[in-house]
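# structure for this input, please:
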Amino acid sequence: MYTPVHELVAARARTAPGRVAIVCQGVSLTYGALHTRAQRLARQLVARGVGPETAVGVFLDRSPEFVLTALGVLHAGGAYVPLDPAYPPDRLAFMLTATSIVITTSELADRLPPGTRVLTLDADGPVAPGPLPAVHPENLAYTMFTSGSTGVPKGVSVRHAGITRLVRDPSYVKLTEEETVLHASSVSFDAATFEIWGALAGGARLVVVPAGPQSAADLGALLRTERVTTAFFTTGLFHLLVDECLPDLAGLRQVLVGGDVLSPTHARAFVRALPATRLINAYGPTEVTTFTTSHHVALRWGEGIPIGRPIDDTWIRILDDDLQPTGTGHLYAGGAGLARGYHGDPALTAERFIPDPYGTGERLYATGDLARLLPSGAIEFLGRADQQVKRRGFRIEPGDIEEALRTDPRVRDAAVIASGDGAEHKVLTACVVLDAPAPDLRERLRERLPDYLMPDRWAVLDALPLNPNGKVDRAALATVAPRPELAAGAGPVGELESAIAAIWGELFEVERVGRHDDFFDLGGHSLLASRMSTRLRRTLGSAVPVRAIFDHPTVAELAEHIRCGEP
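Okay, the predicted model is just below:
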């Protein structure tokens with residue numbers, strides 16, 4: 001029998017109220033204080049009608065306040081819905097339809113649409129007396145939205161039992177009061193489930209990385225200063241840390257990596273340099289509550305690193321197109337971690353969550369991944385059976401971007417293709433057919449999509465190539481899509497701008513970069529910004545924070561910022 005996750009945290013608060021639960025930027029919160037504040041918030045929510053199965057939006061960045069709020073929602077019997085303040089208004093408005101009330105701060109409340117029912121964390125109000133609602137393990141704990149192939153985000157509804165199966169006395173990782181766990185994931189990324197509840201259910205100390213861009217050096221320094229022992233890194237971030245600050249990882253006892261294919265080169269370098277640190281290759285879709293399989297990475301493996309075996313109370317099946325067992329085929333997953341389904345979409349739920357043909361009354365989730373069962377009994381990931389892409393830990397449906405593009409009346413048709421290998425080098429190219437010039441198309445798209453869904457490159461075509469069945473020929477599209485003109489306008493001026501432009505040219509693999517080219521319009525993102533920060537430090541001999549690249553994204557602006565000596 002599973003226990004609702006907030007009850008596991010409450011048990012820690014009763015047995016060790018003075019133990020530090022959360023640390024962020026030098027400020028700490030004990031388990032006792034966390035429990036008291038979460039219960040007060042829960043009583044405020046109950047007084048406003050929140051109870052079991054009530055969805056409560058949490059409009060906060062990664063912070064101790066987010067953790068406290070999510071815990072308060074669970075104590076009230078509700079289910080939290082993470083809402084990233086960086087999301088564009090259209091996407092946020094859709095996600096808000098899944099909530100009955102939203103918790104935020106006074107500073108952020110103005111960003112919510114008019115008419116949103118809001119409770120601010122600093123507000124006083126009625127508090128419900130008496131015991132809080134009883135919660136069953138089958139009750140909803142959270143709904144997390146992911147990219148959808150039809151242009152509409154999918155809300156994955158996860159039960160308490162799914163979280164508890166992930167974090168209570170797990171066999172694939174050690175989660176006890178002796179650990180210090182890093183919380184570096186976005187609150188809208190399901191790895192945060194492991195980080196937050198894995199730490200607090202086990203009585204560990206949770207170190208919250210401040211919201212905003214962090215360089216590899218910043219993260220490495222935090223790992224050392226806070227003596228972090230357990231961390232999850234997206235595959236791209238792990239590769240970056242191995243390349244740029246491997247010694248900073250020496251204090252870690254356990255490192256979990258997931259979200260994309262793990263590079264054997266980086267894994268080998270890590271294991272050789274830090275043999276006492278356990279490296280775990282973790283795999284799993286949001287629909288099976290964060291992790292489905294895990295593999296302890298040693299120095300010996302074949303061509304690729306397996307995703308391992310199922311974790312606790314989880315099973316997998318590899319089936320062919322007729323749902324018959326096979327050694328190489330489609331990967332299905334089931335067990336206690338299985339989500340309830342997709343919020344408000346019973347048809348898609350029935351399509352992706354199917355009856356297990358070899359179980360008794362159980363369901364399986366069709367992951368869409370291809371896999372092979374190795375002689376050792378471990379599973380090897382072989383790629384996708386559809387167009388879905390994993391990039392920087394996020395699951396991306398090209399159809400999501402294509403539908404957003406087609407909402408522009410100037411776009412007759414659109415297709416998005418992915419190219420490049422590895423977690424950090426996936427490139428999304430938007431190929432569009434236009435009925436009228438659209439110089440602001442990229443800016444318009446930013447109003448509809450979060451940054452992780454934005455294309456890296458653009459190509460304007462006369463028509464999309466079609467196969468004999470009349471469908472877009474994506475293989476042909478990859479060969480005809482031209483590289484965009486990235487370097488329009490004036491070239492760099494002076495040695496500093498030339499040095500910056502040269503580094504950008506290497507990062508984006510382009511011959512020419514103009515002084516007014518924008519780092520993010522060229523395909524930049526947080527991981528590349530961290531690499532940029534490191535390259536600038538080595539070239540100029542002085543630190544250039546990642547934040548500076550976000551605030552001054554063109555060559556000319558960044559050079560002026562550096563010349564002025566601003567922090």
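# quick check: Ala191 touching Ser185?
Yes. Between Ala191 and Ser185 there is a contact under Cβ atoms under 8 Å: 4.1 Å. For glycine as for every other residue, the C-beta is placed from the backbone atoms N, C-alpha and C.
# so the spatially closest residue to Tyr283 that is not a sequence neighbour versus Leu373, what's the distance?
Distances taken as Cβ to Cβ, 6 or more residues apart in numbering put Ile307 closest to Tyr283, at 3.7 Å, once the chain neighbours are dropped. Noted for Ile307: a distance of 11 Å to Leu373, by Cβ to Cβ, to the nearest Å.
# same question for Phe381.
To Leu373, Phe381 is 12 Å away according to Cβ to Cβ.
# next one: Pro126
Counting by Cβ to Cβ - Pro126 and Leu373 are separated by 57 Å.
# of the two, who's got more company?
Set Pro126 next to Leu373 and count neighbours by other Cβ atoms under 10 Å: Leu373 wins out with 18 against 10.
# domain assignment for the chain?
The record's domain parsing of the chain by automatic domain parsing lists 1-8+33-173, 304-390, 397-480, 494-564.
# make JSON lines from these and add mean pLDDT to it.
Formatted as JSON lines, the domains of the chain follow (pLDDT from 0 to 100):
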{"stretch": "domain 1-8+33-173", "mean pLDDT": "94"}
{"stretch": "domain 304-390", "mean pLDDT": "92"}
{"stretch": "domain 397-480", "mean pLDDT": "81"}
{"stretch": "domain 494-564", "mean pLDDT": "82"}
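# in CSV: those domains, plus distance to Ala269.
Putting the domains of the chain into CSV (distance: least, Cβ to Cβ, whole Å) gives the following:
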stretch, distance to Ala269
domain 1-8+33-173, 22
domain 304-390, 13
domain 397-480, 15
domain 494-564, 17
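# select, out of those domains, the one closest to Gly251.
Comparison of the domains of the chain against Gly251 by Cβ to Cβ identifies domain 1-8+33-173 as nearest, at 16.6 Å.
# pretty sure Val73 is in a helix, no?
Yes. Counting by DSSP: H, G, I helix; E, B strand; the rest coil, Val73 is part of a helix.
# could you list which residues are in contact with it?
41-42, 45, 50, 56, 58, 79-80, 103 (Cβ atoms under 8 Å, 6 or more residues apart in numbering).
# for Tyr142, list each beta-bridge partner.
Beta-bridge pairing of Tyr142 under DSSP bridges involves Tyr80, Val158.
# how much space separates it from Gly77?
In terms of Cβ to Cβ, Tyr142 sits 13 Å off from Gly77.
# got it, and Thr69?
15 Å.
# between those two, which one's more packed in?
Thr69 (26 against 23).
# regarding the more buried one, what is its secondary structure?
helix.
# hmm, Thr105 and it touching each other?
No. In this structure, Thr69 is not within contact of Thr105 by Cβ under 8 Å, at 9.9 Å.
# so what sits against both of those two?
60, 121.
# returning to what we had before: so which of the domains of the chain gets nearest Leu246?
Of those, the one closest to Leu246 (Cβ to Cβ) turns out to be domain 494-564, at 12.9 Å.
# still on that earlier bit, return every residue with contacts to both of Ile307 and Leu373.
379-380.
# helices of the stretch 51-200 of the chain, start to end?
Applying DSSP state H, counting those that start in this stretch to the stretch 51-200 of the chain gives helices spanning 64-75, 89-96, 106-109, 160-167, 191-201.
# elements contacting the longest strand out of those in the chain?
If you go by DSSP state E, the chain has its longest strand at strand 363-373. Strand 363-373 is packed against strand 314-319, strand 328-335, helix 346-352, strand 353-355, strand 379-384, with contacts defined by 3 or more Cβ pairs under 8 Å, 6 or more residues apart in numbering; DSSP states H and E.
# distance of the residue sitting nearest the centre point of the chain relative to Phe233?
Against the mean C-alpha coordinate of the chain, by Cα atoms, centre = their mean, the closest residue is Phe189 at 3.3 Å. According to Cβ to Cβ, Phe189 and Phe233 sit 12 Å apart.
# correct me if wrong: Leu382 contacts His330.
No. If you go by Cβ under 8 Å, Leu382 and His330 don't touch, sitting 10.1 Å apart.
# quick one: which of the two has more around it?
His330 (18 against 14).
# wait, that one sits on Ala366?
Yes. Applying Cβ under 8 Å, one finds His330 in contact with Ala366, separated by 6.8 Å.
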